[in-house]
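1. Sequence first, then the predicted structure, then my questions.
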Amino acid sequence: MSEIIKVEHLKKSFGQNVVLKDIDLTVNKGEVVTIIGSSGSGKSTLLRCINLLEKPDDGKIYYKNENVLEPNYNLPKYRTHLGMVFQQFNLFNNMNVLENCMTGQVTVLKKSREEAKQTALENLKKVGMERFIDAKPSQLSGGQKQRVAIGRALSMNPDVMLFDEPTSALDPEMVGEVLKTMKNLAHTGLTMVIVTHEMAFARDVSDRVIFMDKGVIAEEGTAEDIFVNPKEKRTKEFLHRILNSDNN
Amino acid sequence: MKKKLSILSLVLMLLLVSMPGLTMKVQAEETEQKEFRVGMEAGYAPFNWTQNTDENGAVPIQGDKSYAGGYDVEIAKIIAEKLGRELVIVKTEWDGLPPALQSGKIDAIIAGMSPTEERKKQIDFTDVYYESNLVMVIRADSDYADAKSLEDFSGAKVTAQLNTFHYTVINQIPGVQMQEAMDNFAAMRVALESGTIDGYVSERPEGVTAESVNPKLKMIEFSAADGFQTSPEDTAVAIGMRKGDPDVAAINEFLAGISKDERVKIMDEAIKNQPASDEDSGSPILKILKQNGMLFLRGTGMTMFLALAGTILGGIIGLLVGVYRTIPMSEKKGKRASQKLFGWLLNVYIEVFRGTPMIVQSAVIYYGTALLFGFDLNRTAAALFIVSINTGAYMSEIVRGGIFAVDKGQFEAAQALGMTHGQTMRKVVVPQVLRNILPATGNEFVINIKDTSVLSIISVTELFFQGKSAAGANYMFFQTYFIICVIYFVLTFSITRILRLVEKKLDGPEAYAPLAEEE
C-alpha cells in the first residue's frame, strides 16, 4: 500500500492552548480513516492542519513523500489534491450548484468550461444532486447543500477527501442522506479521512479508526479493534459515554 | 493580485485621461502672455452678470456656455484690447477671487472690488475705474421710506455684505441695530422683503438695480453731509492685480484714458442691459425657467456627471483599497515592510479625507496645487478628483464592512479548492461584496448629488453654482433656489427608486422560494 499523506510529530497551539501535542499519522491509498474523540480533542484541527487551513507550529507533513511545509512548496496545487468538506458546507453563495462545482476546475485546474461542466455533472450525479444544477445555495436544504459540497470537492478529482464533521450541522432527518452518499463513495475505493461523531457509520465504513484524546492519538486500529476490543481505558470510557447517550 | 491591481489602476488612469477636457496642464508662460484672464463673480449686476447669449457685447465665460456682461466686462474689454491680449472671463466666487489671483489662475480681478487697506496687503490695486456712493436699500412701504439722513435710521435693523466696507460703516448710524453680515445680496434682499432686516447698505448701481427690478424695494440716497463718511478708497472700485505685476502701470494709463463721462455712459448702459431689467410679465418661475432653463440643464448635467463618475471612480478606489487591506502579510521581511508602509498610507488617506469637510478639501486642492506646484488643475478635473477621492475614502470603509460580512467559510472553501488569495477575492468574495455594498453605494451616490454643491467654492458650474448666478442676475432668490431645490429632489428621488429596482432585479424573484425536491 502506498502512502499518500504522512504526518510526523505535528504540534499546534492556539495561544496558551495546546491542541495537538505530537501527532503521527499515515493515510494509505484507498483507505477510509475515521477520526473519533470528544469535542476539543483536536480532531478537526488535525484535519485542518493536513490541508494547511491551520499552520502547524512544528512537525512535518508529507504528500507523496514531499514535505509540504517547505518554504517554497506550491500550496495551492497541493490543496487541489485534497478535497475538503466542511461542517458548515461553505457553498459559494454567489454561484449556483453547477458553478460551485465548476469554478475550482476552471480557475485553478485551468480546464475548459465544457470539460469542467461534464466533470461537475458526473459528480453531481454521484451525490444525487444533478437535478438542482440551477439552484442557488439559499434554495437548498442542509443535506442538499452538503451533498453539493461533496460534489464540488470530488469535481477537483482529488487523491484524498477530508470530511470535517460533515453531518454535525444537519437536522437529524438529513444526516442519513449524507452518510449514504459518503458510504457509496467509500465503496468506490476513494481515499477518505473523516472526522465524525457518527459511531455506527464509522464502524461500518472504516478501514482504520483513530481515537484522539487531549491532543494525542490515544488508540488506533481496525473498526473491530476500537469498537469491540478497545485496549485503552480512555477509549472505553469515551465509547461507553457516547454509546449510552445514543441509546437515550 | 499585484498584477491585477496595477491593471485596474491603469484603467483608472486611462479613464481620467480619456475624459474630454479633463487633462491637467502645466501652466505655460506663453499662454499667460497671450491671454488676459479676468476673474469676477458674474453675479453682481450691474458690474457683472451671467447671461445666455452674447448680446450687448457680452463675453464667453471660460469652461461654460454662458456669457458675462456688465460694467466690469466693458472695462476688461478695453484693457485687454490695449494690452493686445485675448480677454478670458473666469467666473469665480467672491471669496475665491484673491486666492485665484495669487495662485495665478487669473491675472486680474475686475469685480467691483474696492481697494481696501486689508486687501492691499495681499494684492496690488490699479487706479480707480469707478466711484460710487453708499446708499441704503429699504422696503418702499416701510417707515424709513422718507428718510433723508443717517439719523433717520436710528433703531433700524441694518446689515451689509460680509467682508465689505459696507458693513463697517453701519455703526455710523446713531442707535442702529447692527445685524449679522450676510454672504451675498441675494440673501439680503430676501431678508429685507421678509422683514428680518429694515435695510442694507449698498452702492448706488446695485441700489438702482434693486429698485428697478423689485418695486417693493426703495433706494435712499444721502447728501454728502448726511450720508456715510467713507474714505475714497472704499467707495472707489479698482482692478486687483498680483503683487508686483508689471502691467499695473500700463493699465493705469489705459484707465486714465477713459473719461468720467464715458464711465457714466458705460454704467448707464450696463444698468439698462442687465438681465433682470427685462420688462417681462407673468409667473416669475416661468420667467426664471425661460431665462435660465439651459443654464440649469447644463448645471444638472454637470452635477450628475460629477456625482455618477465620482461614485464609480470612488467605488473602484474603495474596492481596491478594501481588497488590498485583505492581502495577507508577506513572509519576506522587505516586502512586509513596504506592505505595512503602504497600508499605513492608505489609513492616512482614509482618515484625512473622512475627517475634513469636502468644501475645505476643494479649496486646498484647487488653489494649493496652483500655489505650491504651479499646476493649473482644470476645474472639472479638480472637482471630479475631489469627489472621487472623497467617495473612495468612505467607500473603502464600506467595502471593508462588505468583506467582513462575507462568511469566513467562503474564504476557507475557496482556499481548500486551491485558489490563491487573488482568485478567492475575484471569484468568490468580491461578487458577494458588491451585492453587500450596493445599498450603501446608492446612498453615497445620492449624497454626492447633493454634496457636489460645495464645489461651487471652486466655481465648478454645477447646479447650485448655476442657480446662484441666476439668482444673482435676476434678484428672485426664493423662486430661483426653489427651482434648484426641486431639481435636486427629483434627481435624488428617482435615483433612489432606480437603485431599489436594480437591487430587486439582482436578488432575483425566486430568491426565497426553494425548489421542491423531486422524489
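-> The structure has been received and is ready for your questions.

2. The closest residue to chain A within the stretch 101-250 of chain B: neighbouring residues, count only.
-> At 48.3 Å from chain A, residue B:105 is the closest residue in the stretch 101-250 of chain B, using CB to the nearest CB. Any C-beta I mention is one placed from the backbone N, CA and C, and that applies to glycine too. Residues near residue B:105, counting by other CB atoms under 10 Å in any protein chain shown, number 24.

3. Am I right that it sits in a helix?
-> No. Using DSSP: H, G, I helix; E, B strand; the rest coil, the secondary structure at residue B:105 is coil, not a helix.

4. what sits against it?
-> Applying CB atoms under 8 Å, 6 or more residues apart in numbering or on different chains, one finds that residue B:105 lies in contact with B:37, B:39, B:90, B:92, B:367, B:370, B:376.

5. Run the chain-centre distance for the least confident helix or strand in chain A by mean pLDDT.
-> The weakest-scoring helix or strand in chain A, judged by mean pLDDT, DSSP states H and E, is helix A:233-247 (a mean of 82). The gap between the average C-alpha position of helix A:233-247 and the chain average comes to 23 Å, counting by CA atoms, centre = their mean, to the nearest Å.

6. Contacts for that helix, please.
-> Applying CB under 8 Å, 6+ apart, the set of residues contacting helix A:233-247 is A:36-38, A:197, A:199, A:211, A:213, A:218-219, A:226-227, A:230.

7. Narrow those to those in helices?
-> Counting by DSSP state H, the part of these found in helices is A:199, A:226-227.

8. nearest to chain B, of these?
-> Closest to chain B out of the ones in helices among the contacts of helix A:233-247 is residue A:199 (26.2 Å), distances taken as CB to the nearest CB.

9. What is the burial count for the nearest residue to the closest one once chain neighbours are set aside?
-> On the basis of CB to CB, 6 or more residues apart in numbering or on different chains, the spatially nearest residue to residue A:199 that is not a chain neighbour turns out to be residue A:242, at 6.1 Å. Neighbouring residues of residue A:242 were enumerated by other CB under 10 Å; the total is 14.

10. and residue A:58, how many neighbours?
-> So residue A:58, with other CB under 10 Å, has 12 neighbours.

11. Ok, residue B:118 next?
-> Around residue B:118 there are 9 residues (other CB under 10 Å).

12. Can you give me every residue that contacts it?
-> By CB under 8 Å, 6+ apart, residue B:118 has no neighbours at all.

13. thinking residue B:376 is in contact with residue B:382, fair?
-> No. Under the criterion of CB atoms under 8 Å, residue B:376 makes no contact with residue B:382, lying 9.8 Å away.

14. So for these two, which sits in the more crowded spot?
-> With neighbours defined as other CB under 10 Å, residue B:376 and residue B:382 compare such that residue B:382 has more, 23 against 20.

15. wait, the more buried one sits on residue B:363?
-> No. The pair residue B:382 / residue B:363 is not scored as a contact, 10.4 Å apart, by CB under 8 Å.

16. Quick check: neighbours shared by the two?
-> Shared contacts of residue B:382 and residue B:363 (CB under 8 Å, 6+ apart): residue B:458.

17. Just confirm residue B:328 is within a helix.
-> No. In this structure, residue B:328 is coil, not part of a helix, as judged by three-state DSSP.

18. how about it, what does it touch?
-> Remark: with contacts taken as CB under 8 Å, 6+ apart, residue B:328 is in contact with residue B:421.

19. where's it relative to residue A:55, distance?
-> Noted for residue B:328: a distance of 11 Å to residue A:55, by CB to CB, to the nearest Å.

20. Repeat that for residue B:55.
-> Distance from residue B:55 to residue A:55, by CB to CB: 78 Å.

21. Residue B:357 now?
-> Distance check for residue B:357 against residue A:55: by CB to CB, it reads 46 Å.

22. Repeat that for residue A:110.
-> As defined by CB to CB, residue A:110 lies at a distance of 27 Å from residue A:55.

23. Tell me, how many residues neighbour the residue nearest to residue B:455 when sequence neighbours are not counted?
-> Distance criterion CB to CB, 6+ apart; nearest residue to residue B:455, sequence neighbours excluded, is residue B:383 at 4.8 Å. Around residue B:383 there are 29 other residues, counting by other CB under 10 Å.

24. where's residue B:383 relative to chain A, distance?
-> 35 Å (CB to the nearest CB, to the nearest Å).

25. so that residue touches residue B:303, yeah?
-> No. Proximity of residue B:383 to residue B:303 does not meet the contact threshold set by CB under 8 Å, at 10.2 Å.

26. which residue packs closest to the residue in the stretch 251-400 of chain B positioned nearest to chain A, ignoring adjacent ones?
-> As assessed by CB to the nearest CB, chain A sits closest to residue B:331 within the stretch 251-400 of chain B, at 7.6 Å. Nearest residue to residue B:331, sequence neighbours excluded (CB to CB, 6+ apart): residue A:71, at 7.6 Å.

27. and that neighbour, backbone torsions?
-> Backbone geometry at residue A:71, expressed as degrees, to the nearest 10, gives phi -50, psi -40.

28. how about the strand or helix carrying residue B:347: buried residues?
-> Remark: residue B:347 resides in helix B:333-355, with elements defined by DSSP states H and E. Residues of helix B:333-355 classed as buried by neighbour count (16 or more other CB atoms under 10 Å in any protein chain shown): B:339, B:346, B:349-350, B:353.

29. contacts for the very next helix or strand once past that helix?
-> Sequence-wise, the next helix or strand beyond helix B:333-355 is helix B:358-373, with elements assigned using DSSP H and E. Contacts to helix B:358-373, defined as CB under 8 Å, 6+ apart, come from residues B:27, B:96, B:99-100, B:102-105, B:353, B:375-377, B:379, B:382-383, B:385-387, B:390, B:451, B:454-455, B:457-458.

30. does the residue lying closest to residue B:95 once chain neighbours are set aside count as helix, strand or coil?
-> The spatial neighbour of residue B:95 that comes closest, neighbours along the chain excluded (CB to CB, 6+ apart), is residue B:163 at 7.2 Å. Taking three-state DSSP as the rule, one finds residue B:163 in the coil state.

31. now residue B:163: how far from residue B:456?
-> The separation that residue B:163 has from residue B:456, given CB to CB, amounts to 17 Å.

32. Same question for residue B:450.
-> Distance check for residue B:450 against residue B:456: by CB to CB, it reads 12 Å.

33. What ranges does chain A have for its helices?
-> Using DSSP H, helices in chain A cover A:43-50, A:75-80, A:97-107, A:113-126, A:142-154, A:172-187, A:199-205, A:223-227, A:233-247.

34. Could you double-check that residue A:189 lies in contact with residue A:30?
-> Yes. Counting by CB under 8 Å, residue A:189 touches residue A:30, with 5.1 Å between them.

35. Residue B:198 is in contact with residue B:138, isn't it?
-> Yes. Taking CB under 8 Å as the contact criterion, residue B:198 and residue B:138 are neighbours in contact, 6.3 Å apart.

36. okay, and the common contacts of those two?
-> In contact with both residue B:198 and residue B:138: B:144, B:192, using CB under 8 Å, 6+ apart.
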